[in-house]
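[1] Any chance you can model this:
(chains A and B)
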Amino acid sequence: MSIDNISLIFAALADPTRRAILERLSQGDSNVTELAEPFAMSLPAITKHLKVLEGAGLISRGREAQRRPCHLEPAPFAEISNWIEQYRKLWDTRLDQLEDYLAELQNPTLSK
Amino acid sequence: MATSNLFTIKRTLNAPRELVWQVWTQAEHLTKWFSPKGFTTKVVTMDLKPNGIFHYSMTTPDGLEMWGKWVFRDVKQPEKLELIQSFSNAEGGLGKHPMVPIWPAYTLSRMTLSEANTKTELLLEWQTYEASAEEIDAFNRAFDSMTQGWGSTLENLENYLEKSNNFLNKIY
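    Numbers count the residues shown, from 1 in each chain, chains lettered A, B, ... in the order given. Have a look, this model is predicted:
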């Protein structure tokens, strides 16, 4: 997955209906009719949400002609975690280096 | 205007507050610690005052140069520094994250230094600034431990289900 998919994942997760769909799928595969049930929403509206989720790689859909079950895919969550982890690590590294630099300034006789 | 949750980092630094302030706000010092090893920091402008600008770039070992800009809002030596940070370009204009456009364009960043005997407590806080609902959501979601937990929970679930299936297939 390329890095610009991260925006797609965030955008997909930004909607409460889509998050609820993912929550439901975390309990097991489901088809469109079952997924639509809790919402006062038409099947086309739910399908639109599913397309967004599929586009972000958050769900995959089976090929069975009638039912096309939806399946939750965990990889995008890991991708976001990894991505944000890099940002935390950047600051950890910076602050480690700040500590070293401050030590050096206060004790210039310390050799490396 | 709506904003995100705070993302915070804390450290206790083994140095007096005044020194930490100098090292954080002077270009000659910043270039010595701001970039990870292998990267270089270049300071174009450092104008430490309200509405002043810190314009800089970080170049990766591969030669990719990424520009940043801080616009200072509150400068209270030696205890508090508040600024709006954004991605930028060589001309000092506004940029979005070069690879993830949904990431907030502006982030409010606050540095607070508190004295603790001869040491200094550093508190860094970030939140979105003038962000769209989507940018706010992305920021919150990124730092939400539930998101991080969910990923590994689902992977564990998948692994478990796969193992269960394999086991059952072997029996029957």
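[2] can we go C-alpha only for contacts and neighbour counts from here?
    Fine.
[3] Where does chain A get nearest to chain B, which residue?
    Proximity to chain B, evaluated over chain A using CA to the nearest CA, is greatest for A:Phe77 at 4.7 Å.
[4] so what's the backbone phi/psi at that residue?
    With angles defined as degrees, to the nearest 10, A:Phe77 sits at phi -60, psi -40.
[5] So which residues of chain B form helices?
    Ranges of helices in chain B, per DSSP state H, are B:17-25, B:27-33, B:133-143, B:145-171.
[6] sorry, that was for chain A
    A:5-13, A:16-25, A:32-36, A:43-55, A:75-106.
[7] Highest mean neighbour count out of these?
    Here the criterion is mean neighbour count by mean count of other CA atoms under 10 Å in any protein chain shown, and of those the winner is helix A:5-13, at a mean of 22.
[8] Run through who's touching it.
    A:18-19, A:52-53, A:55-58, A:76, A:79-80, B:100-103, B:134, B:137-138, B:141 (CA atoms under 8 Å, 6 or more residues apart in numbering or on different chains).
[9] can you count the residues close to B:Asn117?
    11 (other CA atoms under 10 Å in any protein chain shown).
[10] how close does it get to B:Ala15?
    10 Å (CA to CA, to the nearest Å).
[11] And the residue nearest the centre of chain A?
    Per CA atoms, centre = their mean, the C-alpha nearest to the average position across chain A is that of A:Phe77, at 3.5 Å.
[12] so where's chain A uncertain?
    Low-confidence segments of chain A (pLDDT under 70): A:1-3, A:65-66, A:110-112.
[13] any idea of the pLDDT on B:Lys163?
    For B:Lys163, the pLDDT comes out at 61.
[14] Equivalent analysis for B:Ser88, please.
    At B:Ser88, the model reports a pLDDT of 92.
[15] Let me see the contact set for it.
    B:Ser88 sits next to B:66-69, B:94-96 when contact means CA under 8 Å, 6+ apart.
[16] need those residues in CSV with neighbour count, pLDDT and distance to B:Asn51, can you?
    Below are these laid out as CSV (neighbours: other CA atoms under 10 Å in any protein chain shown; pLDDT from 0 to 100; distance: CA to CA, whole Å):
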residue, neighbour count, pLDDT, distance to B:Asn51
B:Met66, 18, 89, 22
B:Trp67, 25, 93, 18
B:Gly68, 22, 93, 15
B:Lys69, 25, 95, 12
B:Leu94, 16, 85, 15
B:Gly95, 17, 80, 18
B:Lys96, 16, 81, 20
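[17] Let's see which of the residues you listed end up in strands.
    Among the contacts of B:Ser88, the members falling in strands (DSSP state E) are B:66-69, B:94-95.
[18] Test of understanding: give the bridge partners of the spatially most central residue of chain B.
    Closest residue to the average C-alpha location of chain B: B:Trp126 at 7.0 Å, with CA atoms, centre = their mean. Per DSSP bridges, the residues bridged to B:Trp126 are B:Phe7, B:Ser109.
[19] Please name the residues that touch it.
    Shown in contact with B:Trp126 (CA under 8 Å, 6+ apart): B:6-8, B:107-110.
[20] hmm, 10 Å instead?
    Neighbour list for B:Trp126: B:4-9, B:82-85, B:107-111, B:139 [criterion: CA atoms under 10 Å, 6 or more residues apart in numbering or on different chains].
[21] most neighbours, which of these?
    Most surrounded of the contacts of B:Trp126: other CA under 10 Å gives B:Phe139, at 26 neighbours.
[22] thinking it is in contact with B:Val100, fair?
    No - with contact defined as CA atoms under 10 Å, B:Phe139 does not count as touching B:Val100 (11.7 Å).
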